[in-house]
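[1] Provide a 3D model corresponding to the input given below.
(one chain, ligands or ions: 1)
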Amino acid sequence: MKNSQILQSPNDSSSYEYLQLSNGLTVLLVHQADSEKSAAALTVNVGHFDDPVPREGLAHFLEHMLFLGSARYPVAGDYQQFISHHGGSHNAWTGTEHSSFFFDIDTAFFAEGLDRFADMFCQPLFSNEYVEKERHAIEAEFSLKLKDDGRRIYQVHKETINPAHPFAKFSVGNLTTLADTAEGSLQQALQDFFTAQYSASRMTLALVSPLTLAAQKQLVLQHFSALPAHLLAKTALTEPLYLPEHQAIQLNIQPHRDTQKLVVSFAMPDIQHWYKYKIISFIAHLLGDEGQGSLLSYLKQLGLVNQLSAGGGIDGSNYKDFTIAFELTDAGLNGRDTILQALFSALAQLKCQPLPSGLFAERQKLLHWSYLYQEPSTAQQTANHLSVSMQHYPKEDVIFGDYRMELPDNTLYQQVLGYFSSDNMRLMFIAPGVTTTHEARWYQTPYSVEPLSPALLRQLDNCQPDSAITLPAANPYLTGDISLLEKNAHMALPKAIYQQQALSVWYKADTDFHTPKGHIFVQLSLPHSIENCAQMAATRLWVELFLDNINQQFYAATTIGLVYHLHVQRQGISIHTSGLATNQILLLQELLKQMPAQQFDETRFAELKRQLGRHWRNSSKNKPVSRLFSQLSAILQPLNPEIEQLADALDALSFSDFLQFDRDLLQQVHVESLLLGNWSASQATQLTDVLHGWQRQLPSTGVRLNNPAFALQGQGPVWLQLDVEHNDHALVIYLPAQQATPEQMALFMLANHTLSPEYFHQLRTEQQLGYLVGTGYVPINTLPGIAFYVQSPNTHCEQLYEATIMFFRAFLADTETMSAEDFAEIKQGLLAQLHERDNSLGARAKRYWLALGQQDHSFALNDQIASALSELSLSDFIAFLQQLLLPDYDAIFLATDGKPTHSHLQFSTAADLKQRLKQQ
Ligand SMILES: [Zn+2]
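    Numbering: from 1, shown residues only. Predicted coordinates:
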C-alpha cells in the first residue's frame, strides 16, 4: 500500500503513513518489510537558541538529562543497557533550533524500547544526584573541544554578529553556566525549561520497522499520547543575524592548528522556502568547479590557493551564510585582494547571463537518478533523517524534498545572485601569524576585526568577467545508460576470474541493492614504497602530487559521484573507485594510464611537501586518546611508522630524490583487484584486460606483499608514557589475544560487547572521570584485541588506571554470578550484530575487500566466529575473563602521565618497546 499523499520513489518498496495525534505530535510511520531492526527518532523544535540567557547550554544539558531516569524507569543507565543488550544503539544531539533523540533495537523489543523512550519525554526525573554528576559530563565535553578549531572559530563568529540574535549564545555549556545560582537551582531551571519548551506540537516522530503500519500506529498511540501538550508550535526568528556594522568586515583569527584559510561569506535570508529549486547548491556547483577554466584552476595557476570549497556556512530559520573557503599557499597569505577579485569576476560572469540551463539540466538529471536509486540506509538512519525532514518540509515532500529540483525563473536566480555583493560580505582570514586584539570568550581564540576599505569594496563591485575563468563544460561522464543487471545475474560470493602470479581479479555481480552503481578496488603491491621510512614518506607525497596533477582532468567525474580514492597502504598503494558503473572502468583505465607517466613540477612539489608536513605535525594536536591509538598501531605494525618519523623523513626529501623515487616506484608491481556491483561478466573481463594490459607495459611484475605485525607476548604488562599537546589526561589499555582463531575472536568480541556499556556507565556516568570513555574491539591485522580508553580533563592517569582495575574486579565478580538466561541473551545480541546484513553496496564491497586482504578466500570467517560464539559456554567465558582481566596480562598501557607508583607494571618508552619487539 502506498500513501498517495507522500511522494516516494518508484523503487521504494516501503509504505508510509503520516498522522497527527490529538496532542499535536506529528508522526511518520514507515513499514519496511525487510528491515533487520526497528528504529525511532524524535526531533523537537528546541535548541540552544532557546537557552535562558544566564544558563547557556541548558538545552544541551537537558538532552543529556533526559536519558538519566524517568518516572516509570527511574534507574539511570537502565535505558542504555536495555538497548545495547537487545542489539541496538542510541544517541542524541542538540543543535541551534532543534534537538533529536533516537535509538534502534531488535524488533521483538521495540515496544518496550518505545515505552522507555516515550517516558523520557513524558515524565523525566532530573534527579538531583544526576544533575550534579552530569554537569561534569558537559564540562568534560566542553573542555574536550577547547583546542578544536571548529569550535574556536565558531565562537569568534558568535561574538561578531547582532548580539540580540540567539546565534550569539554559547551552545555547549560548562560548569560555570550550569550551576546553582542565587536565582534558583540548576535542577529547577531544568524543570522550568522542560515545561516551557517541550511539547508535542513541537515534536516530530518517525518510526521505521518491519511491523505493520497498524501495529506501529497502535504503539505510537499507546506510548506517545501522554506527551505534554500545553504549548503552541514555535514561530520563526525575526532578529537579523547581522547588523550593518557586522558586514564588510574582515576577522583575523589565529588557529590552534597550522592552517591558512580565507573564508568569504555572503549573508542571505531564510532560503528554505526555495528548496524546490536547489539554487544554492547549483551556484555552489558552478563556483566550486575544479576543472579547466575554473576559479580554482585560475588561482592555483597563480600559486595562491591549494583548494576551494563553495556553498557551506551556517543556516537557520531566518539566515543562511553562503561561504567560499580558500585554502591558501604561503604566497596566498598576501594575495587576498587578487583572490577576491577573481571571485568577483566569476560572480560578475554569472550575473551577466541567464541561468545556464544546460548545466542545470545535468544536475537535475543526476538528482533524479539519485531519487530513483536512493542509497539504502539503516532503519536508524532513515528514522533520523525523516524526523528532521518533517520539521522542514511539507508532508508531500518529506522524502522528495531533498530531490526536488525545478527550474527557477530567471528573476529568482538573479535575486539570489544579488546577495553576492561586497557590502553583504564578511571575510575570515585564518592563519597563525595574524595580528589580533581580542580573545573570544570560553575558547580564548585570539582575533581582531577590521572594516574592509571602501576602495576595495568599490573595486570588487566593479570587477568584470575575465575570459580566463569560465563555466564548467558539459560533463563527459554523464553519458551511457544506467540500466540494472537482471536479478538472476546476482552472485552469492566473489569469484576469482583471473589468477596468475602477478595479477588476480575477483568479481561479484550484485543486484541486492537495486542500484546502477559498482565498486572497484585495486591493490598495487609496491616493494619500493616500503623499503624504509624515507620511501614510505615519499609514497605518501607521491600520492598527493599525483592527485593534484590529475584533479583538473578528472574533476567532472567526481561531480556526478564517480569517485576515485588512492590510499597508501602497508603494501603499496590501493585505488578505490565507486559510483555509477557506466564509465567507471574507463575512469580507472585513464587513472592507471596516468600513473607511470607523471611530470612533476618543482614548485608544486615544494608546496605540497610543506602542506603534508604541516598536516602531519598538526596531528600532534589531535585529541590525546587518538594520539595514543595511533601510537599503539605504530608500535605493533612495523610498516606503520610514527607520524613524527615520517615528517622528519619528508623534510629531508629533495626534489631529485623524489624524481628517482618516482622512476623506481612502479618497477615491480603485483595487482589484486575486486569489482563488485552492477557489473556484467563481460565488464569483469574488460577490467581484467585493462589491468593486464597496464601491467604489461611496466618494467616488471612483482609478488603479493604481506602485512607484518608484532606480537606482544612476553613483553607486557608495560606502561608507556607519551607527551601530548593537550591539558587532558588520557589512558588507553590494550589487551591483545595470543592467537588469531575464530574462537579467540568470538571471546574478545563478546568481552567487548559485555564490558562496553558497563565501563561507560561506571567511569563516565557514575564516577565522571571523563567525557570520552569506552571500549572497542580492536584487531591488529587479524589478531583480535580489546581496548579501553578514557580521556579526562582533571583526573590523573594513575587514578584512571586504578578506577579501571577496580572496575575489572567488580565486573568479574558480577559475571561470575551471571545467570545462564542473561548470558544467552547477551550472546544473542552479539550474534544478531554479526549476522547483520550489509546495509549498502559500499559496506558489502568493503567487507569482501577486507577479507581478500586477509586472504580469507572462502569469505567464511564471519560465520566461523558466529558458530564459535554459539558454542561458547558461560563457564568458558568466565574462565577467559579471569585470565584477561588479571593484573599481569600481556597488556600495553599507553598514558599521558607516568606510571602508577605502586604497581607491578614495567615502564618503557615507545622506542624501547619497538626495539624489543623487533628483536623477538
Ligand atoms: Zn553532549
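[2] look at Glu725 and report its pLDDT.
    Here the pLDDT value assigned to Glu725 is 77.
[3] now Met203: closest residue in space that isn't a chain neighbour?
    Val44 (4.8 Å; C-beta to C-beta, 6 or more residues apart in numbering). In short, each C-beta sits where N, CA and C put it, glycine included.
[4] now do the same contact list for that neighbour.
    Contacts for Val44 (C-beta atoms under 8 Å, 6 or more residues apart in numbering) come out as His98, Ser99, Ser100, Phe101, Gln197, Tyr198, Arg202, Met203, Thr204.
[5] how about Ile138?
    Gly57, His60, Phe61, His64, Val172, Gly173, Asn174, Leu175, Leu178.
[6] CA atoms only: put the helix or strand the fourth one falls within into CSV for me.
    By that I understand His64. Element membership for His64 (DSSP states H and E) is helix 58-66. The C-alpha coordinates for helix 58-66 follow below in CSV (Å, rounded to 0.1, in the frame of the first residue of the first chain):
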residue,chain,number,x,y,z
LEU,A,58,20.8,24.3,29.2
ALA,A,59,19.1,22.7,26.1
HIS,A,60,22.2,20.6,25.7
PHE,A,61,22.2,19.7,29.3
LEU,A,62,18.6,18.7,29.2
GLU,A,63,19.4,16.4,26.2
HIS,A,64,21.8,14.6,28.5
MET,A,65,19.5,14.5,31.5
LEU,A,66,16.5,13.0,29.6
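[7] avg pLDDT for that helix?
    According to the model, helix 58-66 has a mean pLDDT of 97.
[8] list just the nearest of the contacts of Val44 to Phe322.
    Nearest to Phe322 among those: His98, at 21.4 Å, using C-beta to C-beta.
[9] returning to what we had before: between the contacts of Val44, which sits nearest Leu800?
    Distances from Leu800 to the contacts of Val44, taken by C-beta to C-beta, are shortest for Phe101, at 29.8 Å.
[10] residues making contact with whichever strand or helix holds that closest one?
    Assessed by DSSP H and E, Phe101 sits inside strand 99-106. Applying C-beta under 8 Å, 6+ apart, the contact partners of strand 99-106 are 37-44, 46-47, 59, 62-63, 66, 83, 86-93, 113, 117, 120-121, 378-380, 383-384, 387-388, 829, 832.
[11] which of those residues are buried, as a PyMOL select command?
    Selecting only the buried entries of these in PyMOL, with 16 or more other C-beta atoms under 10 Å as the criterion:
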select buried, resi 37+38+39+40+41+42+43+44+46+47+59+62+63+66+83+86+87+88+90+92+113+117+120+121+378+379+380+383+384+387+388+829
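[12] show me where the stretch 201-350 of the chain has its strands.
    Along the stretch 201-350 of the chain, counting by DSSP state E, counting those that start in this stretch, strands occupy 203-209, 249-253, 261-268, 305-312, 315-316, 319-328.
[13] isn't Glu450 up against Ile249?
    Yes: counting by C-beta atoms under 8 Å, Ile249 is a contact partner of Glu450 at 6.7 Å.
[14] more neighbours: which of those two?
    Ile249 (16 against 13; other C-beta atoms under 10 Å).
[15] who's the more buried one bridged to?
    Beta-bridge partners recorded for Ile249 (DSSP bridges): Arg426, Pro451.
[16] neighbours around Phe811, how many?
    18.
[17] where do the helices sit along the stretch 301-450 of the chain?
    Using DSSP state H, counting those that start in this stretch, the helices found in the stretch 301-450 of the chain span residues 336-351, 357-372, 379-392, 410-418.
[18] go through those and name the closest to Glu290.
    Closest among the helices of the stretch 301-450 of the chain, using C-beta to C-beta: helix 336-351, at 13.0 Å.
[19] quick one: average confidence on that closest one?
    97.
[20] what residues sit buried inside that helix?
    In helix 336-351, counting by 16+ other C-beta under 10 Å, buried: 336, 339-350.
[21] about what we covered before: in PyMOL, select just the buried ones from the contacts of Ile138.
    Buried residues within those, by 16+ other C-beta under 10 Å, are selected in PyMOL with:
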select buried, resi 57+60+61+64+172+173+174+178
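[22] how much space between Ser70 and Ala737?
    40 Å (C-beta to C-beta, to the nearest Å).
[23] for the residue most central in space within the chain, give me its contacts.
    The centre of the chain sits closest to Gln381, judged by C-alpha atoms, centre = their mean, with a distance of 13.6 Å. Gln381 sits next to no residue when contact means C-beta under 8 Å, 6+ apart.
[24] what about 10 Å?
    Counting by C-beta atoms under 10 Å, 6 or more residues apart in numbering, Gln381 makes contact with Ala39, Ala41, Phe102, Asp104, Val208, Glu375, Asn839, Ser840.
[25] name the element Thr558 belongs to?
    helix 533-559.
[26] got it, and Ala473?
    Using DSSP H and E, no helix or strand contains Ala473.
[27] quick check: it touching Gly291?
    Yes: using C-beta atoms under 10 Å, Ala473 is in contact with Gly291, at 6.8 Å.
[28] overlap of the contact sets of these two?
    Shared contacts of Ala473 and Gly291 (C-beta under 10 Å, 6+ apart): Ala556.
[29] neighbour-wise, which of these two wins?
    Gly291 (20 against 12).
[30] now the more buried one. Nearest residue, chain neighbours left out?
    Gly291 sits nearest to Tyr555 (C-beta to C-beta, 6+ apart), 4.6 Å away.
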